[in-house]
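> just coords:
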């Protein structure tokens, strides 16, 4: 009996290994054993080969065999009898013999399994999110080592001593009420946002805010104006939700709405803008453009979405007041985040929605995403209302101003004048280097990546064919001295691309 | 000058208060001041009325005035001169006079602002997520006071001492690699899920998993089989993504696929099922149904999504192996969550996807949602691999078994035999009470809610018109003694509804 079953298993295992060369041995062995129990090759109540013997015969480790036996025991296919080994269960769990799918149906289901949806294929093929998310020139990343973890952890630990069920259950009110309160005060003072706490919805990052806005206010086939160039994440979330993108070029005054006083032929449902600091080029939207955009929106029934992602970091001049606060009751939704002021992995952002739709947003959020993370939200509320948040921002503003000045110095020293993009307005967490015409910024980026340096090519931020070449260089995430060596690499890669533009 | 400006402000403020009775006084005052500066009523470099005077004249608190002045200073409209009060700025920020929208355009933009999308309106109107998320009989809620917060906090604190940038930045790999590893082992042992760590994608709750599955694998217009009755959250996420729902009735063997061996006329793209413990009725899907469903899926190119939301809590008999592990390479996506085993506010769930689409899922997740919460994921990985997670589940299984028995005892004692739904299989975190025909379960639920007790009406879990009346009673969230008084209320409400079925 024993040797027969070992032979049988060895044969089957060999056959499976040939048929499925990529699959791990422990999985194959487990499946062979289970199949043998099911088809009666290993009858009920029979003894399984001792693990040592089976391992030796099959030429695999004893651990692998024991693991498979344990798995069978967990599932009720086998039982261990103290001192006398492992046996097939007296009564095999109530499973009929499993049909092995025919080769054709296996292939077919593999084909199906590889078939993504059209929208899924599009988002995967066009994805711009990077797998590596940290490095000297990673754009949009703050210095997360300087985030006030200890202070927030202290608050969290204290609040956590009296955990209430409401703190730990699903959250349904658009976030923690205390965070609504402290954000309303902070946004009023720091960003001239005019709002009541009830207008604030806390979200799992800016992407969830955009997703929620798009779904609650937009239907498939609706159009959105987006900035050209602009943020890839906004565009991906809009597209997956069936919104058609209409890119509008940006210049030194920000996004340029089309001329004309009459309602648009195909009025946009949304206008997604970054008025305080255009992403990625850096312009501030001028007052006349803001008023123009508001007028367009009033005429066309357009929702303006103001993505105020990093306006806390403006290093010269006055802070730029938000578009949201400019006109009472304007159809503007303001979106902000802690990703740049604290750290991205926190995944907490917020939006300010008009009172007319605030209840709908809360309801839809609870229904579609459910909520949570209330303890962290309560801690953030205290961190903000105690003034520590504003102090942290002030401190980081100085740190980033110095790093920005340092990087600009490096650019001037190594490359010369005229490389900083003309729309730069001295703010945010990254610079854009303008590359000479004909220089392939994707090639430069690839060359940098091959040398271990993360930069991003400006041309990838365009939807249309008219693209400028450039490089986005984050200056915030690491101290000055850690920029030196990577910058030399960037310079070398640029020079090579400029020398050989035709090779690109 | 001074009294003129005070009079002017008083008049304008009064007018605004009449026009916008709901708006808070501080906002109105600030806007009046800003408008007066813009239109020259308060000229550049002129002195603003002392806050005390203005407050007295307007009959409001001095704090409100000072707040408005500070806001104006923050935005560059005013400046404070030490010892001599507050002045309008010498040069008013480069803003033209703001156009006040005409009454018509204001109304129009208010109308626009109230207009949701069709899909947004549908999700809001049909929303079933509750605003209150905790109470004696709240279904689907574990006892979050017994969650192992301290143990997880200790691990988190230790891991947090050496925070790496990768822990705090955007996450792009479908979650923390250590959590993939420990989940793969746990799921293999506890749930017979056959997978490699690379097949696991960690998500922000089950809703994000369903959202991602729907988008990556389904297009608008595709059809999904869903269980009738079934989980409202799955249906809402499917619908917002444009998937048509085809409800299939469940019986004691789980969901009943339509008969027939030929491909369906309109083959479903998805089949969403809860085979281990049908939600909400409790059946276990029989082996023949499982095989039937797999055969349908192979024929029709259907993705089966196995929502294994609370199968850890089965109080009698063998654990039910997952559908995912039944057949190699079957087009099954397995979804699980920590919401029931730990607590919902944690917002961490996971799915196991076939290897053919694993990379696409990771990419799409990073692109559409971005990721984070890596420190907590690392802590969970350790909590699982150290065996503490399984131990916690074993402990809670005993706690919940006792609570379930207690609640069943209450039902039998107060209502008699035959009230527990016939499909109950002794698992999960809630019971379903079957109500007599003609008894309105929504009316019972409303009566309970009015008395402060949260239950949920079974009829709301149906999409079609053939609905059974019943009540979902969670038994997990509070200790036995806290069920007594609420249960008396439930009994009273049921008896009233049974007495007067016509009034319902």
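Good, I have the coordinates. None of these values were measured; they are calculated from a predicted model.

> can you give me the helices in the stretch 401-504 of chain A?
A:441-450, A:484-499 (DSSP state H, counting those that start in this stretch).

> Of all the residues in the longest one, which ones are buried?
I take that to be helix A:484-499. A:486-487, A:489-490, A:493-494, A:497 (16 or more other C-beta atoms under 10 Å in any protein chain shown). C-betas here are computed from N, CA, C, even on glycine.

> now do stretch A:394-403
Within stretch A:394-403, the residues scored as buried using 16+ other C-beta under 10 Å are A:396-397, A:399-401, A:403.

> And stretch A:171-185, by the same measure?
A:171-184.

> repeat for stretch A:307-324
Counting neighbours by 16+ other C-beta under 10 Å, stretch A:307-324 gives A:307-314, A:319-324 as buried.

> among those residues, which one has the lowest pLDDT?
Checking pLDDT across the buried residues of stretch A:307-324, the minimum falls on residue A:319 at 76.

> re the thing from before, and the furthest pair within the buried residues of helix A:484-499?
Distances among those were taken as C-beta to C-beta; the most separated pair is A:486 and A:497, at 16.6 Å.

> Can you give me the first-to-last residue distance of stretch A:38-46?
13 Å (C-alpha to C-alpha, to the nearest Å).

> I'd like the distance from it to the chain centre, please.
Remark: stretch A:38-46 is offset 50 Å from the chain centroid, using C-alpha atoms, centre = their mean, to the nearest Å.

> is it up against chain B anywhere?
No - applying C-beta under 8 Å from any C-beta of the partner chain, one finds stretch A:38-46 separated from chain B by no less than 11.1 Å.

> go on, stretch A:307-323?
Yes - judged by C-beta under 8 Å from any C-beta, stretch A:307-323 comes into contact with chain B through A:318-319, A:321.

> if we can go back for a sec, can you tell me which two in the buried residues of stretch A:394-403 are farthest apart?
It's A:397 and A:403 that sit farthest apart of the buried residues of stretch A:394-403, by C-beta to C-beta, at 10.9 Å.

> Identify the residue nearest the residue nearest the centre of chain A in space, chain neighbours excluded?
Against the mean C-alpha coordinate of chain A, by C-alpha atoms, centre = their mean, the closest residue is residue A:129 at 6.8 Å. Excluding its sequence neighbours, the residue lying closest to residue A:129 (C-beta to C-beta, 6 or more residues apart in numbering or on different chains) is residue B:366, at 3.9 Å.

> Low-confidence bits of chain A, can you list those?
Scanning chain A for pLDDT under 70 picks out the ranges A:1-5, A:7-8, A:11, A:15, A:18-22, A:93-114, A:260-264, A:500-504.

> top strand in it by residue count?
In chain A, assigned by DSSP state E, the strand with the most residues is strand A:244-251.

> list the buried ones in that one?
Buried residues in strand A:244-251, counting neighbours by 16+ other C-beta under 10 Å, are found at A:245-248, A:250.

> Now flag whichever of those residues is closest to residue B:23.
Distance to residue B:23, by C-beta to C-beta, is smallest for residue A:248 among the buried residues of strand A:244-251, at 33.0 Å.

> Bridged to that closest one, which residues?
Residue A:248 has these beta-bridge partners by DSSP bridges: residue A:227.

> got a list of what it touches?
Applying C-beta atoms under 8 Å, 6 or more residues apart in numbering or on different chains, we find residue A:248 in contact with A:225-228, A:255-258.

> Distance of it relative to residue B:17?
According to C-beta to C-beta, to the nearest Å, residue A:248 and residue B:17 sit 39 Å apart.

> Same check on residue A:429?
Residue A:429 is 42 Å from residue B:17, where distance means C-beta to C-beta.

> try residue A:486
Relative to residue B:17, and taking C-beta to C-beta, residue A:486 is found at 58 Å.

> What segments of the stretch 251-400 of chain A are strands?
In the stretch 251-400 of chain A, the strands defined using DSSP state E, counting those that start in this stretch lie at A:254-255, A:270-273, A:303-307, A:332-337, A:349-352.

> So which residues make contact with the third one?
Taking C-beta under 8 Å, 6+ apart as the criterion, the residues outside strand A:303-307 that touch it are A:206, A:210, A:213, A:217-218, A:231, A:234, A:269-275, A:279, A:293-294, A:297, A:322-324, A:330-335, B:112.
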